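# Here is the input, now give the coordinates:
(4 chains)
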Number of protein chains: 2
Amino acid sequence: MGLTKTEHFTAEQNKVAVLLKALGHPARVAIIGHLLKAKSCVCGDIVVELPLAQATVSQHLKELKKAGIIKGTVAGSAICYCLDEKAFDYLNRYFSALLSGVREQDTTCC
Amino acid sequence: MGLTKTEHFTAEQNKVAVLLKALGHPARVAIIGHLLKAKSCVCGDIVVELPLAQATVSQHLKELKKAGIIKGTVAGSAICYCLDEKAFDYLNRYFSALLSGVREQDTTCC
DNA sequence: TCTTTTCATCGTAATATTACGATGAATATT
DNA sequence: AATATTCATCGTAATATTACGATGAAAAGA
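Numbers count the residues shown, from 1 in each chain, chains lettered A, B, ... in the order given. This next block holds a predicted model:
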């Protein structure tokens, strides 16, 4: 078993899950933080900032790119990464809708 | 290897990662949706709504509870689950801050 | 051209996750 | 008391993730 049954869920549910799963790792949360702080797009600087080997960081960046959270463009021998606004816009909408939904509930039980 | 190096990251980064990892599965996104729609807190109804076995749903609920996303209270022979507003408030703040940060960036590269 | 820098990818080991049947504990119903 | 319902947990198999060293490709600098 051990295989996520994505086919039984809606496209929306899967999209949210893919984005959040990609962000569900402290190293990747840290990467997002660094990409946000750096005015220009950071490249190998991310490796220096993290307590992880270069290969591991590269793998994390690949995951983030696959999920559509970051974009990468070649810039000479380096690669320039930046956050994809669309993803964060989507997630911001998702959570703000969710929060107002939760607040509207009649919390008679828990 | 294969062991996440949580100790090298900040408490904030780990907290965000734990919450998002818990939500990074379509079944758990679906559970959140059902708990939101149901006026009263659903219990075993979640099992009926999902294409998964009861043991699997129970495991997912456990994960959500461990991460602090849902609360559960005993109600006779059933158990009443509901969303924990604190978690969604936290995540809503996180993403809304992130989004405004992204929008303020000078996107000269990607 | 030769070397260095930068990053991706491969291979691999350790660990974690996902899913389900089976079983068990606890409350409700008869 | 006997049975049914509800849910958690155990055990287990399949799959995925995490991490890193080693290697390779591609552009920059000597």
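# For the closest residue to DNA strand D within chain A, give me the pLDDT.
Per C-beta to the nearest atom of the strand, A:G2 is where chain A lies closest to DNA strand D, at 2.0 Å. Backbone N, C-alpha and C define where each C-beta goes, glycine included. Looking at A:G2, its pLDDT reads 84.
# State the helix or strand in which it lies.
For A:G2, there is no enclosing helix or strand under DSSP states H and E.
# And it, how far from DNA strand C?
3 Å (C-beta to the nearest atom of the strand, to the nearest Å).
# repeat for A:K62
A:K62 is 5 Å from DNA strand C, by C-beta to the nearest atom of the strand.
# can you map out the strands along chain A?
Counting by DSSP state E, chain A has strands at residues A:70-75, A:78-83.
# Return the most buried member of the ones you listed.
strand A:78-83 (a mean of 18; mean count of other C-beta atoms under 10 Å in any protein chain shown).
# elements contacting that strand?
helix A:26-37, strand A:70-75 (3 or more C-beta pairs under 8 Å, 6 or more residues apart in numbering or on different chains; DSSP states H and E).
# Would you reformat the strands of chain A as JSON lines and include distance to DNA strand C and mean pLDDT?
Formatted as JSON lines, the strands of chain A follow (distance: least, C-beta to the nearest atom of the strand, whole Å; pLDDT from 0 to 100):
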{"stretch": "strand A:70-75", "distance to DNA strand C": "6", "mean pLDDT": "89"}
{"stretch": "strand A:78-83", "distance to DNA strand C": "3", "mean pLDDT": "90"}
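# Same list as before, those strands that is, but in JSON lines and with distance to B:A22 included.
Converted to JSON lines, the strands of chain A look like this (distance: least, C-beta to C-beta, whole Å):
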{"stretch": "strand A:70-75", "distance to B:A22": "22"}
{"stretch": "strand A:78-83", "distance to B:A22": "22"}
